[in-house]
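# Predicted structure and sequence below. I'll ask about it afterward.
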Amino acid sequence: MSLTWRRPGRARLPRGEGPWAWLAAGSVSLSLLLLALLLGLLAVRGLGTFWPSEVAQLTLTDGSTVAGRPVKTSPLPDGEGRERLYRTDNRDLNGDIWTWIPVDDIEREAYPRDLVVLERSRWSAFIGRLVAWRPADGEQREGAAAWEALQASLAEHRRQRDTIERLKERRLLPLARRLEAEGEVPALVASLEDVQARIRALRAAMKGDLVVMESVDGRRIRQPVEEIMRARRPNAMSSVDRFLAWGHRVWRFLSEGPRAGNVEDGVWPAIFGTILMVMLMSLLVTPFGVLAAVYLNEVAHQGRLTRLVRIGVRNLAGVPSIVYGVFGLGVFVYGIGGQIDRWFFEQTLPSPTFGTGGLLWSSLTLALLTLPVVIVATEEGLSRIPDRQREGALALGATRLEMLTRVVLPMAMPAMLTGVILAVARAAGEVAPLMLVGVAKLAPQVPLDGEFPYLHLERKFMHLGYHIFDTAFHGNDVQAAMPIVYGSALLLVLVILVLNLTAIFLRHHLRSRHGSLSRY
Amino acid sequence: MHDSPASPLLRRRLRQGRDRLATALITAGGIGVIAAVMAIGVFLFVEVLPLFWHGASTAPQVNVDTLWLPQSYPGLDEPVYRWEPALPEGDPGPRFSLAPLAWGTLEAAAWSLVVAVPLALGAAAHSALFMSRRLRAAIKPTLELMEALPGVVIGFLAGLVLAPWLEAHLGLGLTLLLLVPPGVVLGGALWSRLPGRLRRRLPLGWSALWLLPWLLLLWSLAKWLAPWLEGWWFDGDLRAWLAVHLGLDYVSRNAIIVGMAMGFAVMPTIYALAEDALSGVPTSLAEGAQALGATRWQTLCRVVLPAAAPGVFSAVMIGAGRAVGETMIVLIASGNTALMTASPLDGLRSLAASIAIELPEAAPGGTHYRVLLLAALLLFLFTFLVNTLAEVVRGRLRRRYRRMGDSP
């Protein structure tokens, strides 16, 4: 069809195809446009929300002053003019962190370089000016000296916090565990008390430093330095500083746990939970899926029954995931889990150990859910291997097992890999069944730690997809949760896209290889 | 085995024994795995049975009538459908009517098919017959990626981005709907008026790409036209007009939003299967039609589509099956109000979403639990039947193609 264009000199115009052909072309374009919009929106919002944007100081027509970051603008309810939402923070002063301001009321907008944003562990962030730095002992500093002193003292605090964390991690916890195991040995008790005293001393040393802050409308607060995590002057930052701050924020998003009702800091436990669950699932699904596929394709008598079973397995891939969730809840959690509890964990009943949702049940459920994917992909790979390979092996005297393990399975390897990757990609995005069998809004402990038996299969875990759902729809403040939600969504989509691209690449590779194999 | 100098006979026995053992293991394992997967239906059936079979179980509160027919409850004038499982025991007691949930499920699936089917079939027709081969090799995997997007992300964007946007720009949404199809056709008409050289730069085979800027242009045109259109037809406010003239109340998260989001999610599935069916038609048929002077579109309508109709049908069936069972999108984007209204601007609640929300709280073995399991069984049966039908149709089609291809 397109050949007509290549012939020089005889390029003929194609006849008109009528409106429907254009509508068909338009539907491809529209789908592509929608996909691009979706991915673009996720990328821009997901990466952009962590950008340390400038803080505006507004003077309103009634003379009052407000400082905050603009979030969005929308028309006023009565249709006249527009209003803008500012994130003004200062929850301790205002009672809220958001302020709607009609655009017409803004008289002057400025970006003063001395506006300070404090990230605090209590309340919300604070936007205002630094008035003075007051150490516990020593003299008060003001102006530029106060800013430098504050930064120095924050660095000092960070070091001390790290020291305390290390002490807790390396000394206190092992000691406590040994005490629990060995009973009240006096030497242990003494060293435990010693460590505790050191931690108390470090904590006490951190107390006492204060900063006096003033909001833009002139209200002052005294802020203990120990509650401040970071202090920035976003309007005075250069673009390199901004970029570094952005990178730091993204890193914290990836590596830290959630704070303040899941809307601050990071999603590390969710990332970890997702990966761990998916890994367990692929460990479960790969052998069983391959086994079933080998049975169906190599061992079973190829009759009517096998064909029916094959159609059945294929169709199970189309059964809604929530149905698998129901099965997991009824059979694994209430059935098997409840029985395990009655046998092995009777002392803790009625509070369930395995009789409630957990990591093991989630991975099992998802393994069942993705089993058809692996079976179908592996079978496809097996059926692509020409029969003369098998016949050649058998003719040389190999038994069926040898033929399978030495000839057929190595050749079907890429197909199996494709199946497993597709299964992983599907499992990583699946949320509905997990809501029934073990995902948690906020899991206090990661399912993998240094305590025997290291991998805690009965614990609930956090999951990126559920994290998106929960923070976006069950939080108190949807607007405040948006950065985290967009970030998680982008992360999830990226992971799934990469997995799928790998699978597509592998399959393509496989087709071209076996295409050449089975041609003659 | 490599260090045993035993007689060849013994070695052969050993190998054969191992082979038999492995075959037995594979058979047992394979049958076990398949049985485990198939056990889902059996489990649901067994768990649901006590609802209807009053044996030793406590007096069940439901039967076929209470689940599917309107019931009169004390305090209400006429029989109604109600899904209120959380009401406390006694008076008035929980109300289990699956009808509104089934209605919500079907409504959501229907709207998503309204969105997805034209898009998917149009795209499939275009990429099977018109698109250049190189572009097609890139577009197919792209749309496959689209299929893999997790429902929770699509639902989140639909519920928190699309729904508020559409609520604020209802007029623009309607204008886009009215403007884009004729706009695309107009683009085609303009294209055929272009001078030959320029037209060769923009071949029809690549129109999927060069229509993108045209679509963006249409978008800005719609933005400019929307207030004008809204003022002229709808007294300046479409939402108020809907409320006054049609009596429709616009809910932010409604069936249309669900339809758009789920249509977007289902479209790649339908596209991939329909495209396979269309491009699997033996090329001799299409070439014959074109040699007799048919345009490509005529070829598609008269020759390719009738030949591939079962495949296209099964693609739509599989899409419908997916739409019925999709949980997260409906859960997030629908508002989850169990209503039985035909208005696409109302919220809805689907079977799958109800299961996801309520099952963790339902006491195992109780009526509520079993009714939800019945809902799951319905979903299972529906999707299983639909998929089986589609699979059988597809198998027939494949054999038909083979016959057509063999007999030139």
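Received, thanks.
# so how far is the longest strand along chain A off the chain centroid?
Using DSSP state E to define each element, chain A has its longest strand at strand A:65-75. In terms of CA atoms, centre = their mean, to the nearest Å, the centre of strand A:65-75 is set 29 Å apart from its chain centre.
# pull the CA atoms of that strand into PDB?
Only the C-alpha atoms of strand A:65-75 are listed here, as PDB (Å, rounded to 0.1, in the frame of the first residue of the first chain):
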ATOM      1  CA  THR A  65      -0.400  40.400  55.000                       C
ATOM      2  CA  VAL A  66      -0.200  36.700  54.200                       C
ATOM      3  CA  ALA A  67       2.700  34.500  53.100                       C
ATOM      4  CA  GLY A  68       2.400  31.200  51.300                       C
ATOM      5  CA  ARG A  69       2.900  29.100  48.300                       C
ATOM      6  CA  PRO A  70       0.300  29.300  45.500                       C
ATOM      7  CA  VAL A  71      -1.300  25.900  44.700                       C
ATOM      8  CA  LYS A  72      -4.100  26.500  42.300                       C
ATOM      9  CA  THR A  73      -6.500  29.100  41.000                       C
ATOM     10  CA  SER A  74     -10.200  28.600  40.300                       C
ATOM     11  CA  PRO A  75     -13.200  30.700  39.600                       C
END
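# List the pairing partners of it within its sheet, with orientation.
Strand pairing for strand A:65-75, using DSSP bridges, gives strand A:56-60 (antiparallel), strand A:82-87 (antiparallel).
# Just the buried positions in it, please.
A:66-70 (16 or more other CB atoms under 10 Å in any protein chain shown). Just so you know, the C-beta spots here come from the backbone N, C-alpha and C atoms, and that holds for glycine as well.
# just these now: which is nearest B:Glu358?
A:Arg69 (39.7 Å; CB to CB).
# Just give me the neighbour total for A:Ala428.
Neighbourhood size, A:Ala428 [other CB atoms under 10 Å in any protein chain shown]: 23.
# scratch that, B:Ala286 is what I was asking about
When neighbours are counted by other CB under 10 Å, B:Ala286 comes out with 22.
# Isn't it up against B:Val303?
Yes: B:Ala286 is within contact range of B:Val303, at 6.2 Å (criterion: CB atoms under 8 Å).
# Contact partners for the residue lying closest to B:Leu44 once chain neighbours are set aside?
Among residues not flanking B:Leu44 along the chain, B:Leu377 sits closest, at 4.1 Å (CB to CB, 6 or more residues apart in numbering or on different chains). By CB atoms under 8 Å, 6 or more residues apart in numbering or on different chains, the residues touching B:Leu377 are B:41, B:44-45, B:48.
# Could you pick out the buried ones from these?
Of the contacts of B:Leu377, these count as buried by 16+ other CB under 10 Å: B:41, B:44, B:48.
# what does the stretch 301-408 of chain B put close to chain A?
Contact residues, the stretch 301-408 of chain B versus chain A (CB under 8 Å from any CB of the partner chain): B:318, B:321-322, B:324-328, B:331-332, B:352, B:355-356, B:359-360, B:364, B:372-373, B:376, B:379-380, B:383-384, B:386-388, B:391-392, B:395.
# Buried subset of these as a ChimeraX selection?
Buried members of those, defined by 16+ other CB under 10 Å, are picked up in ChimeraX with:
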select /B:318,321,322,324,325,326,327,328,331,332,352,355,356,359,364,372,373,376,379,380,383,384,386,387,388,391
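# Could you list which of the residues of the stretch 301-408 of chain B next to chain A belong to strands?
Among these, no member falls in strands (DSSP E).
# looking at it, A:Thr399 is touching B:Arg18, isn't it?
Yes: between A:Thr399 and B:Arg18 there is a contact under CB under 8 Å: 7.4 Å.
# Without its sequence neighbours, what residue ends up closest to A:Gly419?
A:Ala377 (2.9 Å).
# so that neighbour, which of the three states?
Counting by DSSP: H, G, I helix; E, B strand; the rest coil, the backbone at A:Ala377 sits in helix.
# cool, and A:Val212?
The three-state assignment at A:Val212 reads strand, by three-state DSSP.
# What number of residues are in the vicinity of it?
A:Val212 has 17 nearby residues by other CB under 10 Å.
# The residue positioned nearest the centre of chain B and B:Ala261, how far apart?
Geometric centre of chain B, nearest residue: B:Ala323, 3.0 Å, by CA atoms, centre = their mean. Using CB to CB, to the nearest Å, we find B:Ala323 at a distance of 11 Å from B:Ala261.
# Next up, the contacts around A:Thr49.
Neighbour list for A:Thr49: A:482-483, A:486-487 [criterion: CB under 8 Å, 6+ apart].
# Who wins on neighbours among those?
That'd be A:Tyr486 among the contacts of A:Thr49, by other CB under 10 Å, with 27 neighbours.
# Model confidence for that residue, exactly?
We have a pLDDT of 89 for A:Tyr486.
# In contact with it, which residues are there?
Contacts of A:Tyr486 by CB under 8 Å, 6+ apart are A:42, A:45-46, A:49.
# Quick check: which element contains residue 221?
Going with chain A. strand A:220-224 (DSSP states H and E).
# hm, I was asking about chain B
Assigned by DSSP H and E, B:Leu221 falls in helix B:207-233.
# does A:Arg310 really touch A:Leu296, like I thought?
Yes: here A:Arg310 reaches A:Leu296: they are 6.1 Å apart, a contact under CB under 8 Å.
# and for these two, which residues touch both?
Joint contacts of A:Arg310 and A:Leu296 (CB under 8 Å, 6+ apart) are A:Glu379.
# neighbour-wise, which of these two wins?
The neighbour comparison of A:Arg310 against A:Leu296 (other CB under 10 Å) goes to A:Leu296, with 24 against 20.
# Thought B:Ile31 was touching the more buried one, still the case?
No: counting by CB under 8 Å, B:Ile31 is not a contact partner of A:Leu296; they are 9.9 Å apart.
# Counting residues, what is the longest helix that chain A contains?
helix A:478-517 (DSSP state H).
# meant to ask about chain B
The single longest helix within chain B, with elements called by DSSP H, is helix B:8-52.
# I'd like the distance from that helix to the chain centre, please.
Worked out by CA atoms, centre = their mean, helix B:8-52 lies 34 Å from the chain centre.
# Counting by contacts, list what that helix packs against.
helix A:268-294, helix A:304-316, helix A:321-327, helix A:359-384, helix A:400-402, helix B:367-406 (3 or more CB pairs under 8 Å, 6 or more residues apart in numbering or on different chains; DSSP states H and E).
# Packed most tightly, which of those helices would that be?
Highest mean neighbour count of the helices and strands packed on helix B:8-52: helix A:321-327, a mean of 29 (counted as mean count of other CB atoms under 10 Å in any protein chain shown).
# Can you confirm whether it lies near chain B?
Yes: residues of helix A:321-327 contacting chain B under CB under 8 Å from any CB: A:321-327.
# Tell me the helices and strands packed up against that helix.
Against helix A:321-327 (3+ CB pairs under 8 Å, 6+ apart) you get helix A:359-384, helix A:432-437, helix B:8-52, helix B:305-325, helix B:351-358, helix B:367-406.
# Of all the strands paired with strand A:65-75, which one is nearest A:Arg159?
Evaluated with CB to CB, the strands paired with strand A:65-75 place strand A:82-87 nearest to A:Arg159, the distance being 30.6 Å.
# Just confirm A:Arg87 contacts A:Arg69, I think it does.
Yes: proximity of A:Arg87 to A:Arg69 meets the contact threshold set by CB under 8 Å, at 4.7 Å.
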